[in-house]
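Novice: fold the following and give me the result.
(chains A, B, C and D)
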2 protein chains.
Amino acid sequence: MEDTTIARRRPTIRDVAAAAGVSRGTVSRVINGGHWVSPDARTAVEEAIRRTGYTANHAARSLATGRAGSLAFLLTEPQHLLFADPNFSLLLRGAAEALSQRSMTLVLLVAGTPEERANVAHFVSAGHVDGVLLISSHEADPLLDSLLDAGVPTVSCGLPLGHQGDLAAVAVDEEGSARVMTRHLLDRGHRRIAMIAGPDDTPGGRYRLVGFREELGEAFEPELVEHGDYSRESGTLAMTRLLERNRDIDAVFAASDMMAAGAVVALRRAGLRVPEDVAVAGFDDSGLAAAHEPPLTTMRQPWDRISAEMVTLLLEVIEGAPRRSITLPTELVVRDSA
Amino acid sequence: MEDTTIARRRPTIRDVAAAAGVSRGTVSRVINGGHWVSPDARTAVEEAIRRTGYTANHAARSLATGRAGSLAFLLTEPQHLLFADPNFSLLLRGAAEALSQRSMTLVLLVAGTPEERANVAHFVSAGHVDGVLLISSHEADPLLDSLLDAGVPTVSCGLPLGHQGDLAAVAVDEEGSARVMTRHLLDRGHRRIAMIAGPDDTPGGRYRLVGFREELGEAFEPELVEHGDYSRESGTLAMTRLLERNRDIDAVFAASDMMAAGAVVALRRAGLRVPEDVAVAGFDDSGLAAAHEPPLTTMRQPWDRISAEMVTLLLEVIEGAPRRSITLPTELVVRDSA
DNA sequence: GGTGCGACTGGGACCGGTCACAGTCTGCGC
DNA sequence: GCGCAGACTGTGACCGGTCCCAGTCGCACC
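Specialist: Numbering: from 1, shown residues only, chains lettered A, B, ... in the order given. Here you go, the predicted structure:
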């Protein structure tokens, strides 16, 4: 007996109810926790679900409950910086896994071009997702304003500059992390330490520099600071400029591993060895760091925990719980470069 | 005046109908192409949609039409290889953009652990997405079997080994690409060319090796072939072994940029210069290739076109059109390494 | 024996769309 | 004057769930 003729209609809750000899209401109760259901009815329903191969229809449930059952993973980097970053993948994967455990799904939204941004704002405001995991970093993003206006539950990855307190966030202790790394370089005996900071309109750009300056105290020299945009090329450029200003630099702390790798290129071009002549430290502990020649000393960001906590916080906000933010610790990873 | 008391109900198609002074049916017709609608009615409806800020409810539409309005981006790599690969991001982004143009969404599914694989199979078979963009490469994946059994429209990225002809695929000309690169190395005067191939149960592992062998013809030497798993470390290991067997190698063709970078590490450890002593060629033209020291000669894969074509093909299959596969060309990118 | 209560069950209304079908209205040919 | 085709419109049924309310049942208690 084949029943492959025409794909038979998928079983509905009515089929299950009929098979179990109970009403739709009872089946629904069993599916949703099973309170106020007699043991007999429950086992009958469970058996019927098994037999029929029933699976709830997302769309129907979503229509009835008013919940979408999905969260958006929203990328707003105009440049593809984050996309090139291996860390991004970890974040995405972690979020997908955290959601699948809760039988929810992750919808990927890309808001690069102005047109895409408008579409995304519309889509999200229309309630097609229950909330937004915001993967952005730049200050004053109008898209964030429109999300907040529309009252869309949102949690930010990293401190949302200009909107602190307006939305939940999961961040690492940027300032403290930078102090730890700076202290490490000082402890190793370095005295002329330069920094390649990130853009000032990103939390990592701003606060890692603050930590660096604080830890150096009196020893801080403004001329030993350059800014990059987290890319490798910008690291090379920044290092080149630093060397033009001061050839005595004996260590450099870059706000990303990519920029650290770029700095190494510039140092080598200048005939300097890493770490013998100049120590180089990065940030992120991306895959790149361990594979680099020499392996990079860096600050590890707990990407898996970040994504998991973002999902937790966002679901709390959706439930109506008071907004909460979390700061996670980083970890100094000492390798050969510093 | 705050209206934050209770978020007002989102307008429905009934509200629009009332505002425009027409029936729900007419509004629906306008939304879906506007055939058999008088010009007056159409403009009235369009105006009403604008005024009310109406957006269609995905869940309701999906329930009524039986279409989910979303596609799955399914990752099945047990290891996180693809995740570490910058190309993966391009593919993902391309797919998301192609879909957003069609007002559909991309749902990310990760099928790493056995439990996840079971969940994913269940989820997809239950019809929660209209089709699957399969990002996998290994032969004999039971998950693929269950997708095919369930009749889920699927398109594969790369030739689906063991299932060719069973589902649509978008692939590059692996064999031809490998021949082009091999010819390039020969034309540069190299005579003892080694290859670091990918795993034999992946299309890139198998057919790039075939192309390499074909192009070398008589000159092919089996002892100059090693296999890696596309990772950097495996490239280093493979190159090390090749050098142990034969110190006269004057060029090496790796089946991925990552492995090429790994090979460079091994070559340097052996005291050999790239490209002076040994030319190194990669595959993919990932971001890594251009940034590498020296910049890598490689074969560029058209990732943006691959994702766009995958979406096109999958939508065709969903529409019931006959299954179709596409082979896209690659491009030789000559840089410093070979 | 009636009352009250808690556990459990059934079924109608509803979520917000689409779709098929039954109109209506207009103009044209005979 | 009538029939009829074609353009357009309105309406009820339906998609597959959830929710809530009205019941039923059994049992303890007065």
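Novice: for chain A, which helix extends over the most residues?
Specialist: helix A:303-319 (DSSP state H).
Novice: do that one and chain B meet at all?
Specialist: No: Helix A:303-319 lies apart from chain B when judged by CB under 8 Å from any CB of the partner chain; the minimum separation is 11.2 Å. For glycine as for every other residue, the C-beta is placed from the backbone atoms N, C-alpha and C.
Novice: what about that helix, distance to the chain center?
Specialist: Distance of helix A:303-319 from the chain centroid (CA atoms, centre = their mean, to the nearest Å) equals 10 Å.
Novice: tell me what that helix is packed against?
Specialist: Applying 3 or more CB pairs under 8 Å, 6 or more residues apart in numbering or on different chains; DSSP states H and E, one finds that helix A:303-319 contacts helix A:86-100, strand A:131-135, strand A:154-157, strand A:168-172, strand A:326-328.
Novice: lowest-confidence helix or strand of chain A?
Specialist: helix A:81-84 (a mean of 54; mean pLDDT, DSSP states H and E).
Novice: average model confidence for the longest helix of chain A?
Specialist: Mean pLDDT, computed over helix A:303-319, is 94.
Novice: restrict it to CA atoms and write it as PDB.
Specialist: In PDB, the C-alpha atoms belonging to helix A:303-319 read as follows (Å, rounded to 0.1, in the frame of the first residue of the first chain):
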ATOM      1  CA  TRP A 303      31.000  35.100  22.100                       C
ATOM      2  CA  ASP A 304      29.000  32.000  23.000                       C
ATOM      3  CA  ARG A 305      27.900  33.500  26.200                       C
ATOM      4  CA  ILE A 306      27.200  36.800  24.600                       C
ATOM      5  CA  SER A 307      24.800  35.300  22.100                       C
ATOM      6  CA  ALA A 308      23.100  33.100  24.800                       C
ATOM      7  CA  GLU A 309      22.700  36.100  27.100                       C
ATOM      8  CA  MET A 310      21.300  38.300  24.400                       C
ATOM      9  CA  VAL A 311      18.600  35.700  23.700                       C
ATOM     10  CA  THR A 312      17.800  35.400  27.300                       C
ATOM     11  CA  LEU A 313      17.500  39.100  27.800                       C
ATOM     12  CA  LEU A 314      15.400  39.600  24.700                       C
ATOM     13  CA  LEU A 315      13.000  37.000  25.700                       C
ATOM     14  CA  GLU A 316      12.700  38.700  29.100                       C
ATOM     15  CA  VAL A 317      11.900  42.000  27.500                       C
ATOM     16  CA  ILE A 318       9.300  40.300  25.300                       C
ATOM     17  CA  GLU A 319       7.700  38.800  28.300                       C
END
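Novice: quick one: that helix to strand A:131-135, angle?
Specialist: Angle, helix A:303-319 to strand A:131-135, by axes from the mean of the first three to the mean of the last three CA atoms, to 10 degrees: 150 degrees.
Novice: hey, which of the helices and strands packed on helix A:303-319 is tucked in deepest?
Specialist: Among the helices and strands packed on helix A:303-319, strand A:154-157 has the highest mean neighbour count (mean count of other CB atoms under 10 Å in any protein chain shown), at a mean of 26.
Novice: hmm, it touching chain B?
Specialist: No: using CB under 8 Å from any CB, strand A:154-157 stays clear of chain B, coming no nearer than 15.1 Å.
Novice: by contact count, what packs against that strand?
Specialist: Using 3+ CB pairs under 8 Å, 6+ apart: strand A:154-157 touches strand A:131-135, helix A:142-150, strand A:168-172, helix A:303-319.
Novice: of all these, which one is nearest A:Ser23?
Specialist: Between A:Ser23 and the helices and strands packed on strand A:154-157, the shortest gap by CB to CB is with helix A:303-319, which sits at 29.4 Å.
Novice: mind listing what's buried in that closest one?
Specialist: A:303, A:306-317 (16 or more other CB atoms under 10 Å in any protein chain shown).
Novice: to A:Val30, which of the helices and strands packed on strand A:154-157 lies closest?
Specialist: Judging these by CB to CB, what sits closest to A:Val30 is helix A:303-319, at 23.2 Å.
Novice: quick one: that closest one to helix A:86-100, angle?
Specialist: Counting by the same axes, to 10 degrees, helix A:303-319 lies at 50 degrees to helix A:86-100.
Novice: contacts for helix A:303-319?
Specialist: Residues outside helix A:303-319 that contact it (CB atoms under 8 Å, 6 or more residues apart in numbering or on different chains): A:71, A:87, A:90-95, A:98-99, A:102, A:130-133, A:153-155, A:157, A:168, A:170, A:172, A:323-326, A:328.
Novice: any part of that helix near DNA strand D?
Specialist: No: using CB under 7 Å from any atom of the strand, helix A:303-319 stays clear of DNA strand D, with a minimum separation of 13.3 Å.
Novice: and that helix with strand A:168-172, angle?
Specialist: Using the same axes, to 10 degrees: helix A:303-319 against strand A:168-172 is 170 degrees.
Novice: residue of the stretch 1-150 of chain A nearest DNA strand C, please.
Specialist: At 2.6 Å from DNA strand C, A:Gly25 is the closest residue in the stretch 1-150 of chain A, using CB to the nearest atom of the strand.
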